[in-house]
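Chemist: the following block contains a protein sequence and its predicted model.
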Amino acid sequence: MVSIQIVLAPSNTVTLADFFPSDRPLRVAVLTGAGISAESGVRTFRGQDGLWNGHRLEEVATPEAWIIDSEKVWRFYQERRRQLGEVEPNPAHYALAELEMRMDDGCFTLITQNVDDLHERGGSENLIHMHGELRLVRCEACEHKFEAMDPKHLEDDEFISCPECGHAKVRPEIVWFGEMPFQMTELQQAVIDCDLFLVIGTSGNVYPAAGLLCQAWESDSYCVGINLEPPLNVDLFHEFHQGSAGELLPLLVKELTDLLP
């Protein structure tokens, strides 16, 4: 059963249709978090069965951890990289790809906190991975970045060497705690410029991603959220829909695309 709860911002009677500009195409930005991937079976960031159980964050997700025990960190991410072959996109991923296909060129930006490749496999193209990508690695010496998903890269926990300079160890292309997310200028501009901001599967407590909703609100964007539980910043949404993204997002996308010219 789908549970839907709609929270309207205080003293606000506007609707989604009111935010459609009359003199140009609609601009949409989307932020996705762990919740959308969890519906595909990707283990989540926190929780009883969460990804980090058994590991202190300081041991596997910081630059200091890589310096102190890079073998432990590499094993941890190799396990996550191998898991990519065990999960598939869900209807929420496909719904976002459908929305992008219906939008005018340059009017849709998908920002994800997730490091999996489910959005790409679901068909999304204009995509920013603000926290990096499991499929990629980066050389510590020459900064060469490349995809390392061949069976030879995943069959064991041996370090991968750089094909450009021969350095014996590359690191995961992941933003660790204490590091700056990727493409912050581009993603913030997309949020500030959008007419509609969709936030899907986020808890609202991981910054700077959680701050994007406030930026959209202050830029007079119409803000819509979908999550199994209300996030910490739920009061900033014009609409919040509580329930499964895989069930609710296709309905929302259908409503939105019916309004498009």
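Modeler: It's in.
Chemist: contacts made by stretch 77-90 with the rest, please.
Modeler: Stretch 77-90 has contacts (CB atoms under 8 Å, 6 or more residues apart in numbering) with 36-37, 39-43, 51, 60, 115-119, 121-122, 134-135, 149, 153-154, 157, 172, 174, 245-246. C-beta here means a position set from N, CA and C on the backbone, and glycine is covered the same way.
Chemist: what about R75, how many neighbours?
Modeler: By the criterion of other CB atoms under 10 Å, R75 has 13 neighbours.
Chemist: go on, P163?
Modeler: There are 12 residues near P163, going by other CB under 10 Å.
Chemist: the one 10 residues further on now?
Modeler: Here the neighbour count serves as a burial measure; for E173 (other CB under 10 Å) it reads 21.
Chemist: alpha carbons of the host helix or strand of it, as CSV, please.
Modeler: Taking DSSP states H and E as the definition, E173 sits inside strand 170-174. Coordinates of each C-alpha in strand 170-174 appear next as CSV, following Å, rounded to 0.1, in the frame of the first residue of the first chain:
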residue,chain,number,x,y,z
VAL,A,170,44.9,4.0,-7.2
ARG,A,171,42.2,5.2,-4.8
PRO,A,172,38.4,5.0,-5.1
GLU,A,173,36.9,8.0,-6.9
ILE,A,174,34.7,8.7,-3.9
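Chemist: returning to that earlier point: narrow the contacts of stretch 77-90 to those that are buried.
Modeler: Buried by 16 or more other CB atoms under 10 Å: 36-37, 39-40, 42-43, 51, 60, 115-119, 121-122, 134-135, 149, 153-154, 172, 174, 245-246, out of the contacts of stretch 77-90.
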